[in-house]
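Chemist: sequence plus predicted model, see below.
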Amino acid sequence: MDSRTKVLIRCRNRLLAQLIHRMLSKRTEFDAVALEGQFGPMDCGHSPARSVVVLDSLDFFLERSKADSSRGSDAGAVKYLLIAMEDDHGDFLAAVRCGVLGYVLQDASAADILAAVRAVAAGQATCPPGYMAVLFNYIAGRSDKSRKGRGRGQWGLTRREQQVIPLIGRGLTNKEIAAHFNLSERTVKNHIHRILKKVGASDRLDLYEVWQNRAAPTGGTMAN
Amino acid sequence: MKPIRVLVANRPRVIRELMVAAIADQPDIEVVGEVDDESGIVRAVDETRPDFLIVALDRHDALPRFCQPILQAYPQLKIIAIAPDRNTSVFYWASLQVESNPIEASETGVLNALRSIRQSGMRVQ
């Protein structure tokens, strides 16, 4: 039985993918494969528990959420590592919510990436040291908002505004949300502006988290 | 035949480091230096006199700002600029003025460009 860790490299940046593949292929502990083409659920061809998927964009998860409904999900089966990421706390938190186990920034070294692949393969979470505080602050802030949300009770969201929020949570852009409801992008922008104001959220990520913490099965109070 | 001498100065760090490692595996290509800060490129070119300089391409439609003076000072030098976040790369050289040509933004594309440009002169297709 092959005891190597299967590493699937699925980066939008072709040069990065090839160079990572070259680096990992020199290590006998890895069976590295550079994949090209559309994102979607992946056949690991290997024990999923020992597989790591290396990505350089959150777009994969958006594509996956679209594909999952018809093709089945690989969520939970493989371990995801995001590399060469911009220094953006929002992206980091979104990645954590998507189930990513490792997060490496653009200014990381090749050795950092190698260490991250090993850590993620072993089932350990890894991120830049400074990002641990982001996680702690986020969790602390979410608890506060959750308590306030429950106390406040009603936001007075319209039916459409409630329909928009889950799509925001799936990472859809205004344009994609507009296409989903057959609305103009400007209308969606106005909806989101009003939702943020009503809910008291600072941005889309914040909004979705507040919504998730508060939401009852009916999705809140409507004010049509 | 003398090895192709390359100064690697592109971003992000991980691609630069891996590019250096990939070139080190090539028997006919030699890395003469690695620069992690754009402000150090001119001095590094002056000190190492490479055949090629690899830099980051921030805007596909614009020559990286430090390239023009370098190509004027070192007209034999060829520059390969690689976009850090896109599958795009451009090759620059100086004749009467600075000229450019796209090359494939892949490991093979860049390595082949180094060889073919050195062998055939200027243009790659």
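Modeler: Looks like it came in fine.

Chemist: within range of chain A, give me the residues from chain B.
Modeler: B:11-15, B:17-19, B:21-22, B:25, B:82, B:84-87, B:89, B:105-110 (C-beta under 8 Å from any C-beta of the partner chain). Every C-beta, even on glycine, is put in place using the N, C-alpha and C of the backbone.

Chemist: what is the burial count for whichever residue of chain A sits closest to chain B?
Modeler: With C-beta to the nearest C-beta, the shortest gap between chain A and chain B falls at A:L19, namely 3.5 Å. Residues within reach of A:L19, counting by other C-beta atoms under 10 Å in any protein chain shown, total 28.

Chemist: can you name the next helix or strand after the helix or strand that contains it?
Modeler: Here A:L19 sits within helix A:14-25, counting by DSSP states H and E. Counting by DSSP H and E, the next helix or strand C-terminal to helix A:14-25 is strand A:30-34.

Chemist: let me know the angle separating that following strand from helix A:14-25.
Modeler: Between the axes of strand A:30-34 and helix A:14-25, defined by axes from the mean of the first three to the mean of the last three C-alpha atoms, to 10 degrees, the angle is 160 degrees.

Chemist: sketch out the helices for the chain, chain order is fine.
Modeler: I'll assume chain A. With DSSP state H as the criterion, chain A has helices at A:14-25, A:59-71, A:89-97, A:110-121, A:129-152, A:159-169, A:174-181, A:185-199, A:204-214.

Chemist: wrong one, chain B
Modeler: Assigned by DSSP H, chain B shows helices spanning B:13-24, B:41-48, B:67-73, B:107-120.

Chemist: show me what contacts the nearest residue to the residue of chain A closest to chain B once chain neighbours are set aside?
Modeler: Leaving out its chain neighbours, the residue that sits closest to A:L19 by C-beta to C-beta, 6 or more residues apart in numbering or on different chains is B:L18, at 3.5 Å. B:L18 makes contact with A:16, A:19-20, A:22-23, A:110, according to C-beta atoms under 8 Å, 6 or more residues apart in numbering or on different chains.

Chemist: likewise for B:V110?
Modeler: Contacts of B:V110 (C-beta under 8 Å, 6+ apart): A:15, B:19, B:54, B:80, B:82, B:89, B:103-104.
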